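Student: give me a 3D structure for the following:
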Amino acid sequence: MSLLTVDMEKCKRDGICTEVCPAGIIEIKDKEAFPTLIDGGDEVCINCGHCVAICPNGAMSHVTMRPEECSPVRTDWSYGPEQVEHFLRSRRSTRAYKKKPVEKEDLTKLINIARFAPSGHNLQPVQWLVIYDSDHVQRLSGFVIDWMRNLINEDSPIVAALNLNRVVATWEGGKDIICRNAPHVIVAHAHQEDRTAPAACTIALTYLELATLSFDLGACWAGYFNAAAIFWPPMQEELKLPDGNISFGAMMVGYPKFKYKRLPLRNEANIMWC
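Tutor: Below you'll find the predicted structure:
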């Protein structure tokens, strides 16, 4: 089966698909010709779907997706700049959660939104681990504290840099400063040798975090959790990620205990033009 199929009755030969193809593998040889693959194009196609998504007439099909399988862009749902700014500025890191679990269906929906985040060469390397049970989240938080205690015993310079003595003391005082009593933690992981993975996981988790607002949920990056997942073997054994995979980011998720009422200020942007 051909990688690309053109519906000649619908195609207007406008050349849009040739201009947007990231791999530059679509060509129109003359004004009477229809779009075709260049020689060897099927070997470098990244399966991004741009050619299918851009065609205004639905004339282009890819072997992995047809135009009728791709939902149309809802221009009537578009936000203006002020609405987008308000949405992004209203995002707050949630560090106080209700003792209420989130339905697995909603967490699955969040991940299914996040999986559309961009990745280098459309490799889509991100894999997901959901620590769903709140008791398991607490158990893993204990592993994080064990990692910190080990660093303190070794007199690691990281201790002072991250103020780990205070973190451990706070934990021992009965306050969860690791996962903030969040009911769930979502880990984005990928193969450690995939050069696209760090950025892909970060972007995907950012998508996920922003999407929580539409579910009336809150989220916060679990930095201590992720550091222990990278550097503490007992934590790695507990997480049981696939061989060769490491955590590239972790997110606490749950129902926020409180709602923020205002948009706080930030520093002015430092912009250089050249």
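Student: CA atoms for contacts and neighbours, from now on please.
Tutor: Will do.
Student: where along the stretch 1-150 of the chain do the strands fall?
Tutor: 4-6, 26-27, 36-37, 60-62, 127-131 (DSSP state E, counting those that start in this stretch).
Student: now those as JSON lines including mean neighbour count, mean pLDDT and distance to A96?
Tutor: As requested, the strands of the stretch 1-150 of the chain are exported to JSON lines (neighbours: other C-alpha atoms under 10 Å; pLDDT from 0 to 100; distance: least, C-alpha to C-alpha, whole Å):
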{"stretch": "strand 4-6", "mean neighbour count": "17", "mean pLDDT": "95", "distance to A96": "50"}
{"stretch": "strand 26-27", "mean neighbour count": "20", "mean pLDDT": "96", "distance to A96": "51"}
{"stretch": "strand 36-37", "mean neighbour count": "18", "mean pLDDT": "95", "distance to A96": "54"}
{"stretch": "strand 60-62", "mean neighbour count": "22", "mean pLDDT": "97", "distance to A96": "46"}
{"stretch": "strand 127-131", "mean neighbour count": "17", "mean pLDDT": "98", "distance to A96": "18"}
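Student: now those strands as a markdown table including distance to D76?
Tutor: Formatted as a markdown table, those follow (distance: least, C-alpha to C-alpha, whole Å):
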| stretch | distance to D76 |
| --- | --- |
| strand 4-6 | 28 |
| strand 26-27 | 31 |
| strand 36-37 | 33 |
| strand 60-62 | 24 |
| strand 127-131 | 32 |
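Student: point out where the protein drops to low pLDDT.
Tutor: 1 (pLDDT under 70).
Student: so which residues of it form helices?
Tutor: For the chain, the helices defined by DSSP state H cover 16-20, 41-44, 50-54, 81-89, 104-114, 134-153, 157-162, 164-172, 197-211, 223-231, 233-239.
Student: now the longest one: buried residues?
Tutor: In other words, helix 134-153. Judged by neighbour count (16 or more other C-alpha atoms under 10 Å), helix 134-153 contains these buried residues: 134, 137-138, 140-149, 151-152.
Student: that one - contacts with which helices or strands?
Tutor: If contacts are counted by 3 or more C-alpha pairs under 8 Å, 6 or more residues apart in numbering; DSSP states H and E, helix 134-153 sits against helix 157-162, helix 164-172, strand 184-191, helix 223-231, helix 233-239.
Student: out of those, the one nearest P56 is which?
Tutor: strand 184-191 (35.0 Å; C-alpha to C-alpha).
Student: can you name every helix or strand that the closest one contacts?
Tutor: Going by 3+ C-alpha pairs under 8 Å, 6+ apart, strand 184-191 lies up against strand 127-131, helix 134-153, helix 197-211, strand 245-254.
Student: next, the angle from the second one to helix 164-172.
Tutor: Between the axis of helix 134-153 and that of helix 164-172 there is an angle of 140 degrees, by axes from the mean of the first three to the mean of the last three C-alpha atoms, to 10 degrees.
Student: and helix 134-153 with strand 127-131, angle?
Tutor: 100 degrees.
Student: most distant residue from the middle of the chain?
Tutor: E32 (42.9 Å; C-alpha atoms, centre = their mean).
Student: quick check: the nearest residue to it once chain neighbours are set aside vs G41, distance?
Tutor: Once flanking residues are discounted, E32 sits nearest to R13: 7.9 Å by C-alpha to C-alpha, 6 or more residues apart in numbering. As for R13, its distance to G41 is 19 Å (criterion: C-alpha to C-alpha, to the nearest Å).
Student: try E85
Tutor: According to C-alpha to C-alpha, E85 and G41 sit 40 Å apart.
Student: how far away is C45 from V63?
Tutor: Counting by C-alpha to C-alpha, the separation of C45 from V63 is 11 Å.
Student: quick one: which of those two has more around it?
Tutor: Shown here are C45 and V63; by other C-alpha atoms under 10 Å, C45 has more neighbours (19 against 12).
Student: just list the residues touching that one, thanks.
Tutor: C45 is in contact with A23, I25, counting by C-alpha atoms under 8 Å, 6 or more residues apart in numbering.
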